[in-house]
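Chemist: 3D model of this:
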Amino acid sequence: MAELDEPVVDIPIKRWPLVLAVFAVACLFFYLLQPILLPFVLGAVIGYLGDPLVDRVEARGGSRTLGVVLVFLAFGLLLLVATLFAMPMLLQQLDILIQKIPAFYAWLRDSALPWMQSRVSIPSSRLPEIDWSGQLLENWQSLGKASAKAVGQITGSGLGMLLWLANIVLVPVVAFYFMRDWDNMVRKLLELLPKAWQSGTRTLAAQADEVLGAFLRGQFVVMCALGVLYSSGLWIVGVQAALLLGLLAGLASIVPYLGFVVGITASMIVAYVQFQEFSILLWVLLVFGVGQLVESLFLTPVLVGDRIGLHPVAVIFALMAGGQLAGFLGVLVALPVAAVVMVFVRHAISHYRASNLYGG
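Modeler: Residues are numbered from 1 along each chain as shown. Model prediction:
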């Protein structure tokens, strides 16, 4: 990685309006084309994740197309296994978790709330009685009606159905071409820049790729490993919703330490409602303690390292801002954009510190 103490791209002041104008036009196009960008963004993410694997196949003498086919077969096999085995188990455990809501509410009303009221000076009150059988049935019926209505709207409109199918089909097609031609596309984009900028921009692009690759690929593997580790540990302990809770903790691990906090809190609640014993909380704490040690001592140093440079608060802000601005599509592009922007901000700071404005 290039040293950040020296300016890398020297852009004259008179050219900055052009750079800002290009950036503004790109943001405008993203906003206007947002309804059709989802399959392209998903395809680009899949292509970016699979590009290093294709490069390895190509380095060993295979063609790039063969590498793409092998990567697609591996991704398809993982998706098939998840669909056939993991999804039914997740649905079953979700049903078990929903059935435990009345027991958790009773514990909260009869034990937890009185205990808190006896130790904290808050007014004594009781939670209302709820007919959970009727409430759950009503909510499930409402969910079923909403799902049926949504499916009816999709299937009732021929154009909507075609667009929906087209988006699904486009994702692997776009991913295939991105994965096959990723290096050529990056090279041609760099060649379009003014020659005076190409060397510095190539350095910046390499740094952005290192940061982004470390986060997307490394953190993705860390999330999957933690999900498997937490699920296995909770299953050994005997928690019924082990797979669902482990998956929740693994997904939340996209923000450092958030997976640990969310996972241990949810798991302790579910385990105590299931066993009604405080000793089970120690076992849950042991599972997440071991997982946190494995992540801190092995997974993150080996798979991610210190190349990300994204503060956990910055990760949370990027995800929330992306979701607010562009929904699910914004969440997908939030972290890649934040990682790239972080690299340029570092160099902007180095330019500022080297300027007369900072040095006086």
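Chemist: which strands or helices does the helix or strand harbouring Leu248 pack on?
Modeler: Here Leu248, judged by DSSP states H and E, is contained in helix 242-252. Packing contacts for helix 242-252, counted by 3 or more C-beta pairs under 8 Å, 6 or more residues apart in numbering; DSSP states H and E, involve helix 87-99, helix 219-237, helix 258-275. For every residue, glycine as well, the C-beta is placed using N, CA and C.
Chemist: for Val239, give its distance to Pro102.
Modeler: Using C-beta to C-beta, to the nearest Å, we find Val239 at a distance of 18 Å from Pro102.
Chemist: the more surrounded of these two?
Modeler: Val239 (25 against 16; other C-beta atoms under 10 Å).
Chemist: ok, and the closest non-adjacent residue to the more buried one?
Modeler: Ala271 (5.1 Å; C-beta to C-beta, 6 or more residues apart in numbering).
Chemist: avg pLDDT for stretch 329-344?
Modeler: Here stretch 329-344 scores 78 as its mean pLDDT.
Chemist: let me fix that, I meant to ask about stretch 236-256.
Modeler: On average, stretch 236-256 scores 85.
Chemist: centre of the chain to that stretch, how far?
Modeler: Relative to the chain's own centre, stretch 236-256 is displaced by 15 Å; criterion: C-alpha atoms, centre = their mean, to the nearest Å.
Chemist: for the protein, which spans come out with low pLDDT?
Modeler: By pLDDT under 70, the low-scoring segments of the chain are 1-16, 19, 120-164, 303-310, 360.
Chemist: the longest helix seen in it packs against which elements?
Modeler: Assignment by DSSP state H gives helix 312-353 as the longest helix of the chain. For helix 312-353, the packing partners by 3+ C-beta pairs under 8 Å, 6+ apart come out as helix 38-59, helix 195-213.
Chemist: what comes up buried for whichever helix or strand comes after the first one?
Modeler: Sequence-wise, the next helix or strand downstream of helix 38-59 (DSSP H and E) is helix 64-81. Buried residues in helix 64-81, counted by 16 or more other C-beta atoms under 10 Å: Arg64, Gly67, Val68, Val69, Leu70, Val71, Phe72, Phe75.
Chemist: ok, now stretch 88-105?
Modeler: For stretch 88-105, a neighbour-count test (16+ other C-beta under 10 Å) marks Gln93, Leu97, Lys100, Pro102, Phe104 as buried.
Chemist: is it true that the first one touches Gly246?
Modeler: Same thing as Gln93. No - shown here, Gln93 and Gly246 do not form a contact pair, counting by C-beta atoms under 8 Å, at 10.1 Å.
Chemist: neighbours of the residue nearest to Glu191 when sequence neighbours are not counted, how many?
Modeler: Of all residues not flanking Glu191 in the chain, Gln198 sits nearest, at 7.2 Å (C-beta to C-beta, 6+ apart). When neighbours are counted by other C-beta under 10 Å, Gln198 registers 14.
Chemist: over to Met320?
Modeler: Neighbour tally, Met320, other C-beta under 10 Å: 13.
Chemist: OK, contacts around Val54?
Modeler: Arg64, Gly67, Val68, Val71, Met179, Arg180 (C-beta atoms under 8 Å, 6 or more residues apart in numbering).
Chemist: name the SS class of the residue nearest the centre of the chain, please.
Modeler: With distances taken as C-alpha atoms, centre = their mean, Ile254 lies nearest the centre of the chain, 5.7 Å away. Under DSSP: H, G, I helix; E, B strand; the rest coil, Ile254 falls in the coil class.
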